[in-house]
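**Student:** take this sequence and fold it.
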Amino acid sequence: MGHHHGHGHSHDHHHTNNKKALLISFILIATFMVIEVIGGILTNSLALLSDAGHMLSDAFALGLSLFAFKLSEKAANAQKTYGYKRFEILAAFINGVTLLAISIYIFYEAYHRFLEPPNVSPMMLWIAVTGLIVNIIVAFILMNGGDTKGNLNMRSALLHVLGDLLGSVGAIIAGLLIMFFNWNMADPIASIIVAVLILISGYRVSRDSFHILMEGTPSYISYEDIENKLVQLDGVTNIHDLHVWTITSDFPALSCHMVVEENVDRDQLLIKAANLLHDDFAIHHTTIQIEGVQTDMEHDENNCN
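**Tutor:** Below you'll find the model as predicted:
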């Protein structure tokens, strides 16, 4: 017997905000990227073109996250009973992996620049400043407009933008040090610091999304806690086959078998259990199967076959 609770409106409300924030950010970054590519070709500046490359990865990350939200709205169907909500996590995973790739590429670049430090033009400084401003605006839109704490997909998009923002800050500081102190090493050193930060956030997002894709128990939910509280309900003698997993950000699900005493009002018990999971653990999607005590032996035999 399953017992289902509907979802509140907060999920949909967040969803719309997330999409709006991503769309505006995507348009801003894509526009700026085009300007940079043109500027880079006209001024023959590698710094500009590489920054445009950064912007491209941002635009890709934002676009992918946006696409994931769009896709996750598709209704559930017989083939995909949870609809496409899982794609958000897949998008976060792809974004996490591309962050790792970007940081490794920056390490590689920085290594070559250590061997022969480049000359940096004042032009690059202005570009870096403009890039920084665009990234600050976008980061602000994402953090204010969207749910970057709770939603992994949003967080992965924001991390791309923040990584880029740090890159601009690094480039500006390096540019100033080179202009005033002729200290050319500042450029690769700044790159490496940024690469380390991007590496860390890329690793975290990849790890979190991988955990969800592998049906891991949500990090903020204690498996033992749930088991203990369910067993303490009146009339419950045993809990087995308990699974807790995450379908997408903010959408945990649970299923379990409950062995109960003979004379228990099973409907009442289901409502109690569902309420407990809802109130104490914020699990709104529960499927609980109730079994009588005497089926234990049969259950074991079935398992052995």
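
**Student:** now do the helices in the stretch 51-200 of the chain.
**Tutor:** Assigned by DSSP state H, counting those that start in this stretch, the stretch 51-200 of the chain shows helices spanning 87-115, 122-145, 152-181, 186-213.

**Student:** among those helices, which is the most enclosed?
**Tutor:** helix 152-181 (a mean of 23; mean count of other Cβ atoms under 10 Å). Yep, even glycine has a C-beta here, placed from its N, CA and C like the rest.

**Student:** what about residue 271, how many residues close to it?
**Tutor:** A count of nearby residues for residue 271, using other Cβ atoms under 10 Å, gives 12.

**Student:** do the same with the one 3 residues further on
**Tutor:** Neighbourhood size, residue 274 [other Cβ under 10 Å]: 21.

**Student:** the host helix or strand of it: how far from the chain's middle?
**Tutor:** Per DSSP states H and E: residue 274 is located in helix 266-281. Helix 266-281 sits 30 Å away from the centroid of its parent chain (Cα atoms, centre = their mean, to the nearest Å).

**Student:** can you mark which positions in whatever helix or strand comes next after it are buried?
**Tutor:** Per DSSP H and E, the first helix or strand lying C-terminal to helix 266-281 is strand 285-292. In terms of neighbour count (16 or more other Cβ atoms under 10 Å), strand 285-292 has its buried residues at 285, 286, 288, 290, 291.

**Student:** how many degrees apart are strand 285-292 and helix 266-281 in direction?
**Tutor:** Orientation of strand 285-292 against helix 266-281 (axes from the mean of the first three to the mean of the last three Cα atoms, to 10 degrees) gives an angle of 140 degrees.

**Student:** any stretches of the stretch 151-300 of the chain with poor pLDDT?
**Tutor:** The stretch 151-300 of the chain contains residues with pLDDT under 70 at 294-300.

**Student:** wait, residue 28 touches residue 134, no?
**Tutor:** Yes: contact criterion Cβ atoms under 8 Å: residue 28 and residue 134 qualify, at 6.1 Å.

**Student:** list the buried residues in the helix holding residue 274.
**Tutor:** 269, 270, 272, 273, 274, 276, 277, 281.

**Student:** please work out which residues outside it touch it.
**Tutor:** 1, 3, 5, 221, 225-226, 229-230, 233-236, 252, 254, 258, 260, 283-284, 286, 288, 290 (Cβ atoms under 8 Å, 6 or more residues apart in numbering).

**Student:** which of these fall within helices?
**Tutor:** 225, 226, 229, 230 (DSSP state H).

**Student:** what about the first one, neighbour count?
**Tutor:** Looking back up the chat, that one is residue 225. So residue 225, with other Cβ under 10 Å, has 11 neighbours.

**Student:** please begin residue numbering at 550 from this point
**Tutor:** Done: numbering now begins at 550, and the last item shifts to residue 774.

**Student:** ok, now which ones touch it?
**Tutor:** Applying Cβ under 8 Å, 6+ apart, the residues contacting residue 774 are residue 830.

**Student:** can you check the third one too?
**Tutor:** Each residue near residue 778 by Cβ under 8 Å, 6+ apart is listed here: 825, 829.

**Student:** could you do residue 572 as well?
**Tutor:** residue 615.

**Student:** that one should be in a helix, yeah?
**Tutor:** Yes: read with DSSP: H, G, I helix; E, B strand; the rest coil, residue 572 is one of the residues of a helix.

**Student:** in terms of pLDDT, where does it sit?
**Tutor:** Residue 572 is assigned 90 on the pLDDT scale.

**Student:** tell me how far it lies from residue 609.
**Tutor:** 15 Å (Cβ to Cβ, to the nearest Å).

**Student:** ok, residue 679 next?
**Tutor:** 20 Å.

**Student:** hmm, back to that, of all the buried residues of strand 834-841, which comes closest to residue 723?
**Tutor:** Taking Cβ to Cβ as the measure, residue 723 lies nearest residue 834 of those, at 49.8 Å.
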